[in-house]
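> After the sequence you'll find the predicted model.
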Amino acid sequence: MVGLILRGVFAALGLWVATFFVGGLRFDKPATVLIAGLVLGLVNALLRPVLVILTLPITIVTLGVFLLVINAAMVALVAKLLTGMHVANFWAALGTALIVSVVGWIGGALARGR
């Protein structure tokens, strides 16, 4: 449970950082960023592994690049679920997913003490 909450907090931090770099990402309220991070962490924990397994052949053919599309789809799904989060297009979702992934990776490494 703590890991899921920590994943959501890192996702929220990544979404907040992404608002500075991605032009097509916008939040109506600051609290929506935290909620979106928690929802994104939950979606990534539950739905993303299923999608990765289902799309394994195309992921292998594209040498893993298709995983970026899956990450962008997760960001777009969260934007559809939350009324206060707005993602303009696929490229904004892709940029957001990249930034959230990097921030989550760094945060996870720091949380593990490495």
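Structure's in. What do you need?
> rest of the way, CA atoms for contacts and neighbours
Noted.
> could you pull out the strands for the chain?
Assigned by DSSP state E, the strands in the chain fall at 25-27, 85-87.
> Could you name the stretch from the ones you listed that's closest to A73?
Closest to A73 of the strands of the chain is strand 85-87 (Cα to Cα; 11.0 Å).
> got TSV for the strands of the chain, with mean pLDDT, distance to G113 and mean neighbour count too?
Output for the strands of the chain, formatted as TSV (pLDDT from 0 to 100; distance: least, Cα to Cα, whole Å; neighbours: other Cα atoms under 10 Å):
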stretch	mean pLDDT	distance to G113	mean neighbour count
strand 25-27	96	31	20
strand 85-87	96	32	20
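> need those strands in TSV with distance to T62, can you?
Shown next, in TSV, are those (distance: least, Cα to Cα, whole Å):
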stretch	distance to T62
strand 25-27	27
strand 85-87	25
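> Spatially, and excluding backbone neighbours, which residue is closest to V100.
Once flanking residues are discounted, V100 sits nearest to G14: 4.1 Å by Cα to Cα, 6 or more residues apart in numbering.
> List the contacts of that neighbour.
G14 makes contact with 96, 99-104, according to Cα atoms under 8 Å, 6 or more residues apart in numbering.
> Ok, A76 next?
Counting by Cα under 8 Å, 6+ apart, A76 has contacts 87, 90, 93.
> Now the first one. Nearest residue, chain neighbours left out?
When the adjacent residues along the chain are set aside, V87 lies closest to L25, with 4.8 Å between them (Cα to Cα, 6+ apart).
> Please enumerate the helices of the protein.
In the chain, the segments counted as helices under DSSP state H are 2-21, 30-46, 48-54, 56-61, 66-81, 90-112.
> what angle do the last one and helix 66-81 make?
Using axes from the mean of the first three to the mean of the last three Cα atoms, to 10 degrees, the interaxial angle of helix 90-112 with respect to helix 66-81 works out to 100 degrees.
> All set now, cheers.
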